[in-house]
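>>> predicted model and sequence below, questions to follow.
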Amino acid sequence: MNPTNFFFVAIVSFVVSSGGTRAQAPPQRSPDVSNKALITKSTPSISEDAFKNQSVSAATATLHKMADDYYAWRNENYPVRSSDVGLHTWDDRLTDYSPAKIAERAQRVRALLEKIRAMKTDNWPKDERIDWILFRSQLENVDFGNRLLKFERTNPQVYTGEYTDAIFSLLKKEYDTPRKRALAATARLKQMPALLKQGLRNLQNPVKLYAKLAIQSARSIDPLLNNSLMALDVDLAPNEHDELIRARDGALAAIHGYADELEKRLPKMVDFAPMGEANYNYYLKRVLLLPLSAGEVEMIGRAELARYRALEALLSDPKLADPDPKRAAHIPADQTSFLKAYESREAEMINFLKEHSL
């Protein structure tokens, strides 16, 4: 069983807002002093539930405040991720992967998770309790990565992913003028050599499988910067254009050097190793919130594999189910060739969908 197949996490977003309407002031009235000696009169009893409800309301408000503060902090500390999801406040920044900052972020998440775990939610309304469970699972996911996976030290794709997403997040939607997006790209490109150098220092225990994937990504990134990015070079002043070109060329040289250095280190890298059944059970229960054990997930996987193998018997030629790419008449040499071949069949795919009313 390969537990990494289940490293997906449904991202749940919380938008907690408060609002109120401004009421009009009541008309002035003469005070009623008929009950001025209140201490001598009996007063209506106050239900204990009123205090309980007040306590629950305060606790849930605290949860919402903690969630709001966490999301605001996370968004600012992971500017590339923020750009990628449409928040363009910090488009000129990259994530700080210095060891001190990594440790600081991990400690903050851990401390917040302990507070969330300590909350007593048995008497909370159902919706509020669901919010608590979902927020806790998000923090569990981050903390699990910090404690066990430690991708900043083991996975070179962290840094190639930051590099790629930093530019692609500025291109995929026209949220601002090309010039402003180009200036943001220039600022990020200037920071990329330092990012990759820091990444190589951080990678104390890189996994060979992750490194090979990172090398492939690094060596196929040129079209993104040389072609896609340059579409933003529309209204730049001459000096801004020159600055963009210099930053782009420096970033490309840095990513190629990153790939070369990883390749040199490959022989000494460790092979991929599963996290272990106990850790996977924890991940299933506390992060994915699934009522399944590792053994049960494996059983489902084996049953699905058998079912799909049985479905292959319905094919006119069982060889069509063979995943070996060598059976294809033409194998694209690289990612660019693959994309060209894929796009060349666009009309064919559209016609197929129309003919079959799909």
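Received, thanks.

>>> what about the closest residue to T89 other than its chain neighbours, helix or strand, and which?
In space, T89 comes closest to S82 once its chain neighbours are excluded; the distance is 6.7 Å by C-beta to C-beta, 6 or more residues apart in numbering. Every residue, glycine included, has its C-beta placed from N, CA and C. S82 belongs to helix 79-84 when assigned by DSSP states H and E.

>>> buried set for the helix or strand hosting I245?
Counting by DSSP H and E, the element that carries I245 is helix 238-265. Neighbour-count burial for helix 238-265, with 16 or more other C-beta atoms under 10 Å as criterion, is recorded at 241, 243-244, 247-248, 251-252, 254-255, 258-259, 261-262.

>>> one more: stretch 111-126?
112-113, 116, 121, 124.

>>> just the closest of those residues to G301, please.
Of all those, the one sitting nearest G301 is L113; the distance, using C-beta to C-beta, is 29.8 Å.

>>> just to be sure, D96 is in a helix?
No: with DSSP: H, G, I helix; E, B strand; the rest coil as the criterion, D96 is assigned coil and is not in a helix.

>>> and the gap between it and N202?
With distances defined as C-beta to C-beta, to the nearest Å, the gap from D96 to N202 amounts to 12 Å.

>>> of the two, give the one with the bigger neighbour count.
N202 (20 against 16; other C-beta atoms under 10 Å).

>>> which secondary structure elements does the helix holding S82 contact?
With contacts defined as 3 or more C-beta pairs under 8 Å, 6 or more residues apart in numbering; DSSP states H and E, the secondary structure elements packing on helix 79-84 are helix 48-77, helix 157-171.

>>> now mean pLDDT too, for these, in JSON lines please.
Written out in JSON lines, the entries for the helices and strands packed on helix 79-84 read as follows (pLDDT from 0 to 100):
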{"stretch": "helix 48-77", "mean pLDDT": "85"}
{"stretch": "helix 157-171", "mean pLDDT": "97"}
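
>>> name the element the closest residue to D235 other than its chain neighbours belongs to?
Spatial nearest neighbour of D235, excluding adjacent residues (C-beta to C-beta, 6+ apart): R179 at 4.3 Å. Using DSSP H and E, the element containing R179 is helix 178-202.

>>> tell me the angle the helix or strand just after that helix makes with helix 157-171.
Using DSSP H and E, the next helix or strand after helix 178-202 towards the C-terminus is helix 208-218. Angle between the axes of helix 208-218 and helix 157-171 is 30 degrees (criterion: axes from the mean of the first three to the mean of the last three C-alpha atoms, to 10 degrees).

>>> and helix 208-218, what does it pack against?
Using 3+ C-beta pairs under 8 Å, 6+ apart as the contact criterion, the neighbours of helix 208-218 among helices and strands are helix 157-171, helix 238-265.

>>> what's in contact with that helix?
Identification of contacts with helix 208-218 by C-beta atoms under 8 Å, 6 or more residues apart in numbering yields 154-157, 159-161, 163-164, 255-256, 258-259, 262-263, 265-266, 269-272.

>>> before we move on, back to that, for the helix holding S82, buried residues please.
When burial is assessed from 16+ other C-beta under 10 Å, helix 79-84 yields the following buried residues: 79-83.

>>> domains for this protein, by residue range?
Partitioning the chain according to automatic domain parsing yields domains covering residues 53-268, 292-317, 323-358.

>>> would you list the ones you listed in JSON lines and tack on distance to R286?
Formatted as JSON lines, the domains of the chain follow (distance: least, C-beta to C-beta, whole Å):
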{"stretch": "domain 53-268", "distance to R286": "5"}
{"stretch": "domain 292-317", "distance to R286": "13"}
{"stretch": "domain 323-358", "distance to R286": "34"}
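
>>> deepest of these, which one?
A comparison of the domains of the chain by mean neighbour count, using mean count of other C-beta atoms under 10 Å, puts domain 53-268 on top with a mean of 17.

>>> what's the offset of stretch 276-283 from the middle of its chain?
Averaging C-alpha coordinates over stretch 276-283 and over its chain gives two centres that are 21 Å apart (C-alpha atoms, centre = their mean, to the nearest Å).

>>> my guess is the residue nearest to D235 contacts H241. True?
No: taking contact to mean C-beta atoms under 8 Å, the distance of 10.4 Å between R179 and H241 leaves them out of contact.

>>> which neighbours do those two share?
Any residue near both R179 and H241 by C-beta under 8 Å, 6+ apart counts here, and not one turns up.

>>> about what we covered before: in CSV: the helices and strands packed on helix 79-84, plus distance to E346.
Converted to CSV, the helices and strands packed on helix 79-84 look like this (distance: least, C-beta to C-beta, whole Å):
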stretch, distance to E346
helix 48-77, 36
helix 157-171, 21
